[in-house]
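Colleague: Kindly return the folded structure for what I paste below:
(chains A and B)
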Amino acid sequence: MTQYLLIESRDPFESNDVSYYYDLARGLAESGNQVTLLLVQNGVLSARPSAHSAALGALARSGVTVLADDFSVKERGITRLAEGVVAAPIDVVVDHLAAGHKTLWH
Amino acid sequence: MSKKTLTIALMDPPYESENLTTAFRILDIAARRGYDINVFAYEGASGLAFVRQMPHPNPVHGKDVAEENHPTTKDQVAAVLAAAEQNGGKVDWVNCGMCVDERGVNEFVPGTRRGSPADFHAFAEASDNVLVIPTK
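Modeller: Okay, the predicted model is just below:
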């Protein structure tokens, strides 16, 4: 089993590539890998309960750990996170890097 | 916590992308942990350590230089170097040589140096992990 950290920085309302990145996360998890998706910057906009947040709940149910950078969340005035999303400090990036997990930025 | 060596490649130019805010937050955490850090500053990011950057006032808001307290990326680079040193780590910050020549930013914050993509390859070979933060 390989461990992955996928970092999504793009706004899902602006870029359709985001859904492909979610698909990558789900595919890796369904293939037996341990996957964490970290939303940062405008990537956290899907973590606000909205038309895009259902996709994150589905990812969480498929076994992907879905995190949202707490700083990015606060900057954008998001006070409630969608189902399946947990706020986390940016330290998690360094944790995953130090642990040798494959880390991708989108 | 064992000592780690991490490499981060940056590509965004100063003052244009939130990617750099996040990148400096990640670098700060790694530096405070005393990790050894390699940074390859490529393309626009080669200007991050340009030493002639100057903070500016904000006349629209009626603030002078001190009141505006405008952060420069050269100071952020220096802060990462200082944090690493204070915590027993070191930073090898390489500014892509062709990139700095193209942009006329070939004067660096002390402690950073000129290099080439070959340095990035060497960094990747010698590191525990690598993160590439590309432009959008």
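
Colleague: So which residues of the chain form helices?
Modeller: The chain I'm using is chain A. Here chain A has its helices, by DSSP state H, at A:17-30, A:53-61, A:70-75, A:91-98.

Colleague: not quite, I wanted chain B
Modeller: So, for chain B - with DSSP H - the helices run B:18-32, B:65-68, B:73-86, B:97-103, B:117-126.

Colleague: which of the residues in the longest one are buried?
Modeller: Applying a neighbour-count criterion of 16 or more other CB atoms under 10 Å in any protein chain shown, one finds B:19-20, B:22-32 buried in helix B:18-32. For glycine as for every other residue, the C-beta is placed from the backbone atoms N, C-alpha and C.

Colleague: Considering only those residues, which also neighbour chain A?
Modeller: B:N19, B:T22, B:R25, B:I26, B:I29, B:A30 (CB under 8 Å from any CB of the partner chain).

Colleague: Near chain B, which residues of chain A? Just list them.
Modeller: Contact residues (CB under 8 Å from any CB) of chain A with chain B: A:9-10, A:40-42, A:69, A:71-72, A:90-91, A:93-94, A:97-98, A:100-101, A:103, A:105.

Colleague: Counting neighbours, which of the residues you listed end up buried?
Modeller: Buried among the residues of chain A next to chain B (16+ other CB under 10 Å): A:9-10, A:40-42, A:69, A:71-72, A:90, A:93-94, A:97-98, A:101, A:103, A:105.

Colleague: of all these, which two lie farthest apart?
Modeller: A:N42 and A:A98 (26.5 Å; CB to CB).

Colleague: Kindly check the end-to-end length of stretch B:4-15 for me.
Modeller: This stretch, stretch B:4-15, spans 30 Å end to end (CA to CA, to the nearest Å).

Colleague: can you tell me which of the helices of chain B the model trusts least?
Modeller: The stretch with the lowest average pLDDT out of the helices of chain B is helix B:65-68, scoring a mean of 94.

Colleague: For B:H61, which non-adjacent residue is spatially closest?
Modeller: Leaving out its chain neighbours, the residue that sits closest to B:H61 by CB to CB, 6 or more residues apart in numbering or on different chains is B:E68, at 7.5 Å.

Colleague: what sits against the one you found?
Modeller: For B:E68, the contacting residues are B:P55, B:H56, B:P57, B:N58, B:H61, by CB atoms under 8 Å, 6 or more residues apart in numbering or on different chains.

Colleague: can you check A:Q41 too?
Modeller: A:S9, A:R10, A:D69, A:S72, B:E18, B:N19, B:T22.

Colleague: Which single one of these is nearest to B:E107?
Modeller: Each of the contacts of A:Q41 was checked against B:E107 using CB to CB; the closest is B:N19, at 23.8 Å.

Colleague: need the contact list for the residue nearest to that closest one when sequence neighbours are not counted.
Modeller: Closest residue to B:N19 apart from its sequence neighbours, by CB to CB, 6+ apart: B:D12 at 4.8 Å. Residues in contact with B:D12, defined by CB under 8 Å, 6+ apart, are B:N19, B:L20, B:A23, B:G44, B:A45, B:I133, B:T135.
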